[in-house]
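> structure here, sequence nowhere to be found:
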């Protein structure tokens with residue numbers, strides 16, 4: 001972990017991964033439910049050999065859809081884990097004081113990008129076709145709909161962790177001659 005140079009791009013990586021994660025999870029849940037409904041409508045209630053198709057559908061696709069329901073809470077845990085990893089990464093970054101001003105500009109740009117992502121996410125979850133699927137992402141919806149505020153807080157706290165630790169890191173590196 002020596003000479004880690006990330007920290008400046010973590011906010012953008014967080015936004016990209018969070019929105020991609022939610023879209024992928026939402027699409028998986030939506031397609032699973034839609035597929036089960038369509039198969040049930042076409043084949044449900046029939047007997048093929050000794051097997052009842054309704055029971056087979058519930059035992060196969062129904063079980064898959066039950067496991068997809070875990071994505072609602074798994075997604076929020078992954079998002080919170082990414083936030084924690086940004087703070088840990090900020091602690092491990094070695095940086096110079098000159099990078100404080102560019103870091104502030106990067107946080108401001110990240111907030112501006114977060115506004116667009118939050119608005120796009122809101123349009124997707126308000127789509128009548130997808131609204132019921134995304135309604136289950138309670139915690140993730142809260143974070144994504146308030147994304148500019150979250151990015152501001154994460155960026156500022158991450159910056160504080162990164163630049164406050166900077167002084168103590170120099171003391172350790174140079175034997176305390178600057179403190």
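Okay, I see it. All of these numbers come straight from a predicted model, not from anything done at the bench. Numbering: from 1, shown residues only.
> quick one, phi psi at residue 45?
Main-chain dihedrals, residue 45, degrees, to the nearest 10: phi 80, psi 0.
> same check, this time on residue 12
Backbone torsions for residue 12, taken as degrees, to the nearest 10, come to phi -70, psi -40.
> what does residue 47 give?
Torsion angles at residue 47 (phi, psi; degrees, to the nearest 10) stand at phi -110, psi 120.
> do the same with the one 3 residues further on
Reported as degrees, to the nearest 10, the phi and psi values for residue 50 are phi -100, psi 0.
> okay, it and residue 58: tell me how far apart.
Computed with CB to CB, to the nearest Å, the distance linking residue 50 and residue 58 is 16 Å. (Each C-beta comes from the backbone N, C-alpha and C, glycine too.)
> with residue 122 instead?
Using CB to CB, we find residue 122 at a distance of 35 Å from residue 58.
> neighbour count for these two, which is higher?
Between residue 122 and residue 58, counted using other CB atoms under 10 Å, the more crowded position is residue 58 (16 against 13).
> helix or strand: which one has the closest residue in space to residue 45 that isn't next to it in sequence?
The spatial neighbour of residue 45 that comes closest, neighbours along the chain excluded (CB to CB, 6 or more residues apart in numbering), is residue 54 at 5.6 Å. Counting by DSSP states H and E, the secondary-structure element that holds residue 54 is helix 53-68.
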